[in-house]
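[1] Need the 3D shape of this:
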Amino acid sequence: MPKTILRRWHGYHLIALFSWSIVLSLILLFYQWQLGSFSLVVGVAILVLMLRAKNSFENEMTDYISRLTYRINKVGEEAVTSLPIGIVTYSETGVIQWVNPYMNEVLDHTLIGETVDVISESLPKRLRAEQDEFVITVNERAYRVVVKRNERLLYLFDVTDEQELKHRFEQEKTVLGTVYLDNYEEVTQGMDDQLRSKLMSHVTSSLNQWSQTYDIFLRRASADRFIAVLNEGTLEQLEEERFTILDEVREVTGQENVSLTLSIGIGSGERSLRELGSLAQSSLDLALGRGGDQVAIKERNGQVRFYGGKSNAVEKRTRVRARVISHAMRDFVAESDKVLIMGHKNPDMDAIGSSIGMAKIAEVNGKEGLVVVNPNDTESVSNLLEEVREHDRLWSQFISPEEAHEELTEDTLLVVVDTHKPSMTIDPEILKKVNRVIVIDHHRRGEEFIENAVLVYMEPYASSTAELVTELLEYQPHTPSLDVLESTSLLAGIIVDTKSFAIRTGSRTFDAASFLKTQGADTTLVQQLMKEDISQYVKRAKLVESASVYRGSVAIAKGDPAETYGRVLIAQAADTLLTLKDVVASFVISHVDEERVNVSARSLGDVNVQVIMEKLDGGGHLTNAATQLDGYSIEEVEELLNEKIDEYFEGGQSS
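    As a prediction, the model looks like this:
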């Protein structure tokens, strides 16, 4: 190539030289013919040299282009036939028209004339989805497919090594966990040293065996807390086996007649150890907020997975926390100009009763307590509200959400009772407008939670929020004097949530009921507040009549698709089904309005209905839960419910 360029340069100069020689020859012929003739001969010689140089340049250029074209064609042929890249062309109907030899080698047979699904069953679906790049598996190897839709052309690149490296990286990412012994201090309180040592020996032996089996680095941080370091691969194994360590520790401690359980918070998906530690602690708080005896795994994107939660939260025998919360509550009330109290949508006896109790706490601390109630959403507490209307002082404390917005100031304190989910409150907009929020609830904590609350009092062991509020009333500096309706409404909340002290009832539940009785609570009035008309009774009976038994011990009832049912009636039907012989869990499915289907779930404790409902975007307690689904028919919801029940029983009874 450099020679060609040189010759081209010479050719240009020869043309210029020849032109000048002709001009010079003509001038010389005019003045001196001998010199002009010589000059003309020289010009002719230059012309001959120029023509030869031109021919030589053209020949060399033609030869160069031929050789370059051959090489390029050869490279293209080699790329198509020899490089380890699959090339496939296909028709509009998905029939393979041509493949390069590499693709025939990959599948070990001729592909022309076959449909593209012969390469991979998922390929037609991916092509219909109009994805331009994706990964498929062919003969146990991974291939990245690049689609040229206009040409109907596929390029397949073997990325098996890349995928394996990526998988290995993901498997070896660090995961941090915090293992906590639930109720350790209370369980070991009063134990002699020998028994305490024996108990902890059993627990640490089980944990050490667990850590060795799964290659977990486990170190004790305090008497009731351990730090665990593992990787994503180990975490996957633990999830597949549903964290059997929870059952092992529960069984080992049970042999000593002690109800000591584990809660584990795990942080994953982060590279920073500090952030992993924060996620692990946040997960542990979530697990404890749901009653303990379970594992919470929180990822960077906020998603949480739960395992365990088979046992009821153990009642705390000491009231130390209740006293501390009560005093803190007094301080927050004293610093406020007024107190707004708000429960959940479609409030029940527990929500209204605990709201009335909180209004009393505000009153004894010299502040105005106002209960926010939506007058169009009080079907389940209509009897109680009728009694309140006859009580001038109490009725003056009830306001609508619209009135609540007008009452808001910078120093207003909002107390949310019987729920911790913003979307479940009567008016979520009020939450956004106040600076200080207190949450009092007895439900197991879910993923959705009221952020930045100044005080949170959540005790899943408690029978009801009314029980918690009653204890807070007892520990106020000046013990309040409740009138009959106030004490009765609190007692009604306890009675309704415990099904007349039949479920989720501990010694502190009876203590709270005893205190309310001394304050004048009327059990006869409670029965009147819980009365229903005969039409509702018949409607509930028809719901119970529609029930069928699934998996031998689960009762499922369905409402008439053409009718709507109140949430209270649905819950009552689920409670009734639970009284039937051999039934350990009950579910009632029905419309609560034209677009929304409600599922109410109940159990005796052997089945954790909370985790089943959480799989359907609901929540609640181990024995009492519910969910609401929009845009589904009753039959579709029943199919989904059966699927989640199957997952629960076949997956080791964990969430």
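[2] got the domain boundaries for the chain?
    2-81, 85-166, 174-308, 320-529, 535-650 (automatic domain parsing).
[3] gap between the longest one and the chain center?
    Average the C-alpha atoms of domain 320-529, do the same for its chain, and the two points are 30 Å apart (Cα atoms, centre = their mean, to the nearest Å).
[4] Any chance of the domains of the chain in CSV with mean neighbour count as columns?
    Placement of C-beta: from N, CA and C, glycine included. Shown next, in CSV, are these (neighbours: other Cβ atoms under 10 Å):
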stretch, mean neighbour count
domain 2-81, 13
domain 85-166, 15
domain 174-308, 18
domain 320-529, 20
domain 535-650, 18
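[5] want to throw those into TSV with mean pLDDT?
    Formatted as TSV, the domains of the chain follow (pLDDT from 0 to 100):
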stretch	mean pLDDT
domain 2-81	64
domain 85-166	87
domain 174-308	88
domain 320-529	91
domain 535-650	89
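[6] in the stretch 1-150 of the chain, which spans are helices?
    2-31, 33-81, 101-107, 123-128 (DSSP state H, counting those that start in this stretch).
[7] Skip the chain neighbours and tell me the closest residue to residue 482.
    Nearest residue to residue 482, sequence neighbours excluded (Cβ to Cβ, 6 or more residues apart in numbering): residue 519, at 4.2 Å.
[8] Check the gap between that neighbour and residue 392 for me.
    Per Cβ to Cβ, to the nearest Å, residue 519 is found 20 Å from residue 392.
[9] With residue 89 instead?
    Computed with Cβ to Cβ, the distance linking residue 89 and residue 392 is 86 Å.
[10] what do you get for residue 621?
    From residue 621 over to residue 392 the distance is 36 Å, taken as Cβ to Cβ.
[11] what do you get for residue 303?
    50 Å.
[12] Over to residue 451?
    According to Cβ to Cβ, residue 451 stands 38 Å off from residue 392.
[13] likewise residue 466?
    From residue 466 across to residue 392, the span is 23 Å (Cβ to Cβ).
[14] what's the answer for residue 222, then?
    For residue 222, the distance to residue 392 equals 54 Å [Cβ to Cβ].
[15] what's the answer for residue 334, then?
    The gap separating residue 334 from residue 392 is 26 Å, by Cβ to Cβ.
[16] Equivalent analysis for residue 645, please.
    With Cβ to Cβ as the criterion, residue 645 and residue 392 are 50 Å apart.
[17] Same check on residue 104?
    In terms of Cβ to Cβ, residue 104 sits 91 Å off from residue 392.
[18] Ok, residue 442 next?
    Applying Cβ to Cβ to residue 442 and residue 392 gives a distance of 31 Å.
[19] for residue 277, same thing?
    Residue 277 is 55 Å from residue 392, by Cβ to Cβ.
[20] now residue 37
    Applying Cβ to Cβ to residue 37 and residue 392 gives a distance of 140 Å.
[21] again, but for residue 238
    Noted for residue 238: a distance of 60 Å to residue 392, by Cβ to Cβ.
[22] now swap in residue 627 and tell me
    Separation of residue 627 from residue 392 (Cβ to Cβ) stands at 40 Å.
[23] Doesn't residue 587 belong to a strand?
    Yes: under DSSP: H, G, I helix; E, B strand; the rest coil, residue 587 falls within a strand.
[24] isn't it right next to residue 598, touching?
    No: with contacts counted by Cβ atoms under 8 Å, residue 587 stays clear of residue 598, the gap being 10.6 Å.
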